[in-house]
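> quick one, structure for this:
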Amino acid sequence: MKIALIAHDKKKDDMVHFCMKYRHILAKHELFATGTTGTIVTRSTDLPVHCYKSGPLGGDQEIGAQVAKGEIDMIIFFRDPLTAQPHEPDVSALFRLSDVYQIPLASNFKTAELFFKNL
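Prediction:
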């Protein structure tokens, strides 16, 4: 399975915690991420992650393009709902694409855990 990992700045610690907790599952899949998130996940877990650009620099859009091409099977996107994001239209577009192409998208830790308990 090809899994995309994205986390806003205030949620990066949550993403690292999630990836460490579910490392045994993530290690069996291909991982993709926006730049900073992927770098932090790799550094913290030693999991191989293909990194795109940082989210605000187009990484969300790059992952969205992969979704549209049928090359992403699941998205874990820990977003910060309390902080305005300068690239909010990109975030909304990614959520819309996940709906259009029926790609499971977890936007918080507990939902991601539910996904992984069913893998």
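> pull the CA atoms of the strand or helix carrying Asp13 into CSV?
Assigned by DSSP states H and E, Asp13 belongs to helix 12-21. Provided in CSV are the C-alpha atoms of helix 12-21 (Å, rounded to 0.1, in the frame of the first residue of the first chain):
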residue,chain,number,x,y,z
LYS,A,12,4.6,17.0,13.6
ASP,A,13,5.2,15.6,17.0
ASP,A,14,1.9,13.7,16.8
MET,A,15,3.0,12.3,13.4
VAL,A,16,6.3,11.1,14.8
HIS,A,17,4.6,9.5,17.8
PHE,A,18,2.1,7.8,15.4
CYS,A,19,4.9,6.6,13.1
MET,A,20,6.9,5.2,16.1
LYS,A,21,3.8,3.5,17.5
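> and that helix, what other elements does it pack with?
On a contact count with 3 or more Cβ pairs under 8 Å, 6 or more residues apart in numbering; DSSP states H and E, helix 12-21 meets strand 2-7, helix 35-45, strand 74-78, helix 109-117. All C-beta atoms are positioned from the backbone trio N, CA, C, and that covers glycine.
> buried set for the longest one?
Going back to what we said before, that points to helix 35-45. Within helix 35-45, the residues that count as buried by 16 or more other Cβ atoms under 10 Å are 35-38, 40-42, 44-45.
> what about the next helix or strand after it, average pLDDT?
Downstream of helix 35-45, the first helix or strand assigned by DSSP H and E is strand 49-51. The average of the pLDDT scores along strand 49-51 is 98.
> and strand 49-51, which residues are buried?
For strand 49-51, the neighbour count (16+ other Cβ under 10 Å) marks 49, 51 as buried.
> then stretch 109-119?
Residues of stretch 109-119 classed as buried by neighbour count (16+ other Cβ under 10 Å): 112, 115-116.
> just the CA coordinates of it, formatted as PDB?
What follows is stretch 109-119, C-alpha atoms only, in PDB (Å, rounded to 0.1, in the frame of the first residue of the first chain):
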ATOM      1  CA  PHE A 109      -4.400  10.500  15.500                       C
ATOM      2  CA  LYS A 110      -7.500   8.500  16.600                       C
ATOM      3  CA  THR A 111      -8.900   8.100  13.100                       C
ATOM      4  CA  ALA A 112      -5.500   7.000  11.800                       C
ATOM      5  CA  GLU A 113      -5.300   4.400  14.600                       C
ATOM      6  CA  LEU A 114      -8.700   3.100  13.400                       C
ATOM      7  CA  PHE A 115      -7.300   2.700   9.900                       C
ATOM      8  CA  PHE A 116      -4.200   0.900  11.100                       C
ATOM      9  CA  LYS A 117      -6.100  -1.500  13.400                       C
ATOM     10  CA  ASN A 118      -7.900  -2.700  10.200                       C
ATOM     11  CA  LEU A 119      -4.700  -3.200   8.100                       C
END
